[in-house]
Each structure stands twice: as structure tokens, then as C-alpha cells.
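Asks: Everything below, folded, please.
(one chain, ligands or ions: 2)
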Amino acid sequence: MKVLVVGGGGREHALVHKLSQSPKVEKIYCAPGNAGISYLAECVDIKVGDIEKFKEFVIKNNIDLTVVGPEMPLVQGIVDEFERKGLKIFGPNKKAASIEGSKYFAKQFLSKYNIPTGRFKAFDKYQEALKFLKETWYPVVIKADGLAQGKGVFIVKDFIEAKEVLDLVMKKRIFGTSGDIIVVEEMLFGKEASVFAFVDGKNILPMVTAMDYKKIYEKDEGPNTGGMGSIAPNPCIDKETLDEIIENILKPVVKALQKEGIVYKGVLYTGLMLTKEGPKVVEFNARFGDPETQVVLPLLKTDLVEIIEATLEGKVDKVQIEWEDKKAVCAVIASSGYPGEYKTGFEIKGLENIKEAFVYHAGTTLKEGKIVTSGGRVLGITATGNSYEEAREKVYREIQKINFEGMYYRKDIGIVSQV
Ligand SMILES: Nc1ncnc2c1ncn2[C@@H]1O[C@H](COP(=O)(O)OP(=O)(O)O)[C@@H](O)[C@H]1O
Ligand SMILES: [Mg+2]
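Replies: Ligands and ions are numbered 1, 2, ... in the order given. Purely as a prediction, here's the structure:
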């Protein structure tokens, strides 16, 4: 079969890589893709938001299955558009994806069905929000309702900070319409964890757990990023905790979605805080995480196409999913300056010498036959091993062989005694 992957980051490289191992797949297209993906798939120049063009491309090239990486096209309704034309696509429809696309919707949904989460209030009027923030206790978390590329969440310690955030979001409107509504949440304390599951509308098939490293500097210091590394399985989630998450959160969520008449098919990513009172939901994502996918999929032994097809057919409960009994570690190499401003266009050297790890490309492109940097997060280096330490050593040994101007990476990814 012919498959199209929508997106062009490290997550999509991991998806393309896993799909390329399926005996069912003859040809992969990826749009827009990147330099690394171009070795496994034909990269197509279509922007992630251009749903019309995707539809045309899929019809013209007789593509059998489209797999969507990023949230934006899902929230915009790419799945609904494809389904209307009878085209096979993997991901939740627009209504289902609003579980990620609107934090207000997600919180209302959680509280309606008594699924563990922090308390919240939502506001669409500046004055009302201001009044509440004057009277509330601190710290609180203020979130823009809509998509904000991971920049729409602020932990504030007092009213002064809260007002600054409110002004930015509701007066200056730095997130545009994504800030029409703000959600103010109770601050939760504990370790963070995320669980990915395939959801077929009725059944859930959880994946190996993962942990991501959000901060730019070692020991989790400095500003948030899209993710500077990841490890799988997550050392903080033991079997008991996972069972608790599945029974008290994932299963009730899927039941509640059904009650709402929402057919959720795709990957459900649940972000959690492991609090003293048990795991609570922080947020949902309607797709695979990046860079967690770069450690989860390398451990998957079962054919991904088989799982995707079962998910679409509502039969994911019939899949006997198998995972490698190993640990995976992924360290992200970023451009100097990221997550702030950075320069691009630097040649990346040494990739041909990598033996013990897999290099997932994120912000790379081909220029005159050379691989050059084109984004903030540039590469994700993943290795597996019998222990985190073994995987970690491979990753950092291989990173030594890679070189581009200004390359930056955290050196503490996978040190589990620190997490
Ligand atoms: N209620 C909360 N209590 C404590 N920390 C939170 C809370 N909500 C969000 N955070 C922190 O902010 C991060 C980003 O928030 P999240 O809701 O996941 O938004 P997004 O990923 O869309 O930016 C979380 O990973 C977590 O570290
Ligand atoms: Mg998040």
C-alpha cells in the first residue's frame, strides 16, 4: 500500500521509519518531510495546514492511508474532510481533536464526568478574569484556550504576574483567537508523566510509557522547549500506577467520549501529574508526542500498519501488541539560541558515521546535496539498550561524531537516578 505522512519533524521521521518496516507498505510520501525523511519517503511540498492540497494529492496518487503527525490539521478538521471523500486517514476528527484544540473544552469534559483533574475556572471577559485573579490564592496556572505551539501556559505566583499574563493574552492578544478564552487552573504538584494509547472509538490499547525532558538546560532548568529528550519506558510509572491511570482515567475518558457522541479514533496522549491524591489529568493531545515518539516507536515490535488498521476498524482490542524488552533514550540536538532566536543553514557533518543509534531528523533540509539545519530542534539521537545507562552511553558516544555550528544538547538525558 501507499502511505502519506503529514508533518516534517522528528515525530514524523519516527513514524515514517516505523511504517517503512511494515511488509504492507510499498511506498511512503511525507509532506513536507525533511532531509532525513527523504531517505525513506518521497517528500512532497505541501504545507501542513493545506487540507485541500492534501486531498487532491491523495486522490491523484491513489494513496491508501494518510497518517497525521501534528495537531493543527487535526484540529482544523483534516480527518472530517478526508472521511467525507471516503479517504482512509488515521487521527481523530475535528470534534474529537478539540480535546487538545480547546483546553476549556477538555476541562469541562473532565469535570462533567468526574475524571481526576485540577480545579479550574474559564473566562472570556478580561474584567471578570481580572476580578477572579485578584481574589484567588496563588500559585495558579493560566492557559490560553486554543493551540499556542506549547507557549500558551503560564505558572504565576502572584496577582502582578497574573495581570501581566492576562494583558498579554486578552489585551495584546499574543495568541490571537487562541486567547479568546483563558483557563485558570489550580496548580498541581508531583511528577509529570504522559501515557499514549491507541483509541478506536471504544477500546484503548496503551503504549509503552515515556518521559520527556521539557527544559532547555540540564537538571530541568531554564525555559520550556518543545522537548530536549525522552526516555522509554517512563521510570516513574510502575505497573500499579499505570493500572490506576488506565482504570481511573483512560477507560472513563473513552466512555465519556462515547457518551458525548464523539468517535475518537487515533492516538490519545494524556498528560498527567502524579499527585499525592493519585494521577490527575493536566491535558490531552490528539496525536503522538514529540520527542516521545522517537523512543516509543523504536520499541514497538508489532506492525504499526496493522495497529492503525485495527484502530480504524474499531478492533484495537484484538491486537496482540508486542514491545521490545529494552530501554530507549533520545537526546535532541538543537540550534544555539533555541528556544529563543537561532540561526539556520549550517551544514551538519558526520551523520554517515553513526552506527549504534538512529538519527531522527527534525529541523533539517537538503541544500545543494548537503544536509543543513533549518529549525530550532535539529536532530534526535535514539539508541536502545538493556538498561537506560547502556542506551544513554550509545547516544552520547554517537553524538560526538556529529557536528554543526552552534549545536547544543543536554548531557543528562537518561540519567534515571536524577528523575
Ligand atoms: N495545573 C497545572 N499544575 C501544574 N503544572 C501545570 C499545570 N498545567 C500545566 N502545567 C505545566 O505546564 C506544562 C504545559 O501545560 P499543558 O497543559 O501541557 O499545555 P501545552 O502542552 O499545550 O503547552 C505542563 O507540562 C506542566 O509542566
Ligand atoms: Mg503539554
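
Asks: Lys157 - nearest residue in space that isn't next to it in sequence?
Replies: Nearest residue to Lys157 in three dimensions, chain neighbours excluded: Pro139, at 5.0 Å (CB to CB, 6 or more residues apart in numbering). Every C-beta, even on glycine, is put in place using the N, C-alpha and C of the backbone.

Asks: Please name the nearest non-neighbouring residue to the residue nearest the centre of the chain.
Replies: The centre of the chain sits closest to Gly289, judged by CA atoms, centre = their mean, with a distance of 1.9 Å. Spatial nearest neighbour of Gly289, chain neighbours left out: Tyr269 (5.4 Å); criterion: CB to CB, 6+ apart.

Asks: Same question for Pro116.
Replies: Lys280 (4.5 Å).

Asks: who in the protein is up against ligand 1?
Replies: Within the chain, the positions lying close to ligand 1 (CB under 6 Å from any ligand atom) are Gly118, Val141, Gly150, Gly152, Val153, Glu185, Met187, Leu188, Glu192, Gly271, Val282, Glu283.

Asks: which among these end up buried?
Replies: Using 16 or more other CB atoms under 10 Å as the burial test, those include Gly118, Val141, Gly152, Val153, Glu185, Leu188, Val282, Glu283 as buried.

Asks: Next up, the contacts around the third one.
Replies: Spelled out, that is Gly152. Gly152 sits next to Lys143, Ala144, Gly146, Val169, Phe175, Ser178, Gly179 when contact means CB atoms under 8 Å, 6 or more residues apart in numbering.

Asks: mind giving me JSON lines with those residues and columns for pLDDT?
Replies: What follows is the contacts of Gly152, written out as JSON lines (pLDDT from 0 to 100):
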{"residue": "Lys143", "pLDDT": "98"}
{"residue": "Ala144", "pLDDT": "98"}
{"residue": "Gly146", "pLDDT": "97"}
{"residue": "Val169", "pLDDT": "97"}
{"residue": "Phe175", "pLDDT": "97"}
{"residue": "Ser178", "pLDDT": "97"}
{"residue": "Gly179", "pLDDT": "98"}
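
Asks: still on that earlier bit, narrow the residues of the chain next to ligand 1 to those in strands?
Replies: Taking DSSP state E, the ones among the residues of the chain next to ligand 1 that sit in strands are Val141, Val153, Glu185, Glu192, Gly271, Val282, Glu283.

Asks: could you dump the residues you listed to JSON lines with distance to Asp200 and pLDDT?
Replies: Formatted as JSON lines, those follow (distance: CB to CB, whole Å; pLDDT from 0 to 100):
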{"residue": "Val141", "distance to Asp200": "32", "pLDDT": "98"}
{"residue": "Val153", "distance to Asp200": "30", "pLDDT": "95"}
{"residue": "Glu185", "distance to Asp200": "30", "pLDDT": "98"}
{"residue": "Glu192", "distance to Asp200": "27", "pLDDT": "88"}
{"residue": "Gly271", "distance to Asp200": "21", "pLDDT": "95"}
{"residue": "Val282", "distance to Asp200": "24", "pLDDT": "97"}
{"residue": "Glu283", "distance to Asp200": "22", "pLDDT": "96"}
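
Asks: now Tyr217: how far from Lys411?
Replies: 10 Å (CB to CB, to the nearest Å).

Asks: Ok, Val25 next?
Replies: 36 Å.

Asks: Could you do Thr177 as well?
Replies: Between Thr177 and Lys411 the distance is 40 Å, computed by CB to CB.

Asks: which element is Ile237 on?
Replies: According to DSSP states H and E, Ile237 maps onto no helix or strand at all.

Asks: residues touching it, list them.
Replies: Counted by CB under 8 Å, 6+ apart, Ile237 has contacts Ala193, Val195, Thr209, Ile245, Leu274.

Asks: In terms of distance to ligand 1, which of these ranks first?
Replies: Ala193 (10.2 Å; CB to the nearest ligand atom).

Asks: wait, that closest one sits on Pro279?
Replies: Yes. Applying CB atoms under 8 Å, one finds Ala193 in contact with Pro279, separated by 7.4 Å.

Asks: intersection of neighbour lists for these two?
Replies: Thr241, Ile245, Leu272, Met273.

Asks: can you confirm the second one is in a helix?
Replies: Yes. According to DSSP: H, G, I helix; E, B strand; the rest coil, Ile245 belongs to a helix.

Asks: which stretches of the stretch 51-200 of the chain form helices?
Replies: Per DSSP state H, counting those that start in this stretch, the stretch 51-200 of the chain carries helices over the ranges 51-60, 71-76, 78-84, 94-101, 103-112, 126-135, 159-166.

Asks: how is the chain carved up into domains?
Replies: Per automatic domain parsing, the domain ranges recorded for the chain read 2-94, 119-186, 191-318, 327-418.

Asks: Please identify which of the ones you listed is closest to Ser102.
Replies: domain 119-186 (5.5 Å; CB to CB).

Asks: Mind pulling up the pLDDT for Pro73?
Replies: Per-residue confidence for Pro73 comes out at a pLDDT of 98.

Asks: try Glu244
Replies: The confidence metric pLDDT takes the value 95 at Glu244.

Asks: Quick check, it in contact with Lys280.
Replies: No. Judged on CB under 8 Å, Glu244 makes no contact with Lys280 at a distance of 11.2 Å.

Asks: Which one of those two is surrounded by more residues?
Replies: Taking Glu244 and Lys280 together and counting by other CB atoms under 10 Å, Lys280 has the greater number of neighbours (19 against 16).

Asks: element containing the more buried one, please.
Replies: strand 278-285.

Asks: returning to what we had before: the more surrounded of Val25 and Lys411?
Replies: Remark: of Val25 and Lys411, Val25 carries more neighbours, 20 against 12, as counted by other CB under 10 Å.

Asks: need the contact list for that one.
Replies: Shown in contact with Val25 (CB under 8 Å, 6+ apart): Met1, Lys2, Val3, Leu19, Val305.

Asks: Just the residues you listed: which are in helices?
Replies: Members of the contacts of Val25 lying in helices (criterion: DSSP state H): Leu19, Val305.

Asks: Specify the angle between the strand holding Lys280 and helix 94-101 in degrees.
Replies: Calculated by axes from the mean of the first three to the mean of the last three CA atoms, to 10 degrees, strand 278-285 forms an angle of 120 degrees with helix 94-101.
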